[in-house]
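In: need a structure here:
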Amino acid sequence: MIDYSKFEKALRHLQAQFENYRSLDPSLPELIQEAVAESVTQRFETCYDCLWKVLKRYLIEELGVPEVPNSPKPLFRLANENRLLPSPVEHWLGYANTRIATAHDYSGEKAREALASMAAFIHDAIDLCQKLSGRKWE
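Out: I've put the predicted structure just below:
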């Protein structure tokens, strides 16, 4: 049986911090605004990593797929072939690119790009979580 708790917790933390980011008072000091934005990016990285690892386990344990890749992009393609993804595979490949970019760019530009895709990622991640776990997101 697959334990979804770490993925769910990471997703809830990302969702909550993204809401904090979206509701920030623009009069707050820039340093505070940047800190919240950086926290969203870090929570995205954690959530994304949990997501693709749970998806891998699902393909192996629940679907019995014999050969499962050990990296996100090929894994998303395989999940798409097995009709697991709630949105087009191109979205998931984009999330993979975002994850790679946030880990290797310290200028802030990639973080801004990641924040721009965060609402879509959270929505897709919730849909995937519900599909894999069979539980409604609350």
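In: show me where this structure has helices.
Out: In the chain, the segments counted as helices under DSSP state H are 5-22, 30-61, 72-81, 89-104, 109-133.
In: can I get those in a markdown table with mean neighbour count?
Out: Every C-beta, even on glycine, is put in place using the N, C-alpha and C of the backbone. A markdown table is the format used below for the helices of the chain (neighbours: other CB atoms under 10 Å):
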| stretch | mean neighbour count |
| --- | --- |
| helix 5-22 | 17 |
| helix 30-61 | 18 |
| helix 72-81 | 18 |
| helix 89-104 | 17 |
| helix 109-133 | 17 |
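In: Let me have those in JSON lines, extended by mean pLDDT.
Out: Formatted as JSON lines, the helices of the chain follow (pLDDT from 0 to 100):
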{"stretch": "helix 5-22", "mean pLDDT": "97"}
{"stretch": "helix 30-61", "mean pLDDT": "94"}
{"stretch": "helix 72-81", "mean pLDDT": "97"}
{"stretch": "helix 89-104", "mean pLDDT": "91"}
{"stretch": "helix 109-133", "mean pLDDT": "92"}
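In: what's the distance between the residue in the chain sticking out farthest from the centre and residue 115?
Out: Of all residues in the chain, residue 27 has its C-alpha farthest from the mean position, at 29.3 Å, by CA atoms, centre = their mean. Applying CB to CB, to the nearest Å, the value for residue 27 to residue 115 is 19 Å.
In: what's the answer for residue 70, then?
Out: 29 Å.
In: With residue 22 instead?
Out: 9 Å.
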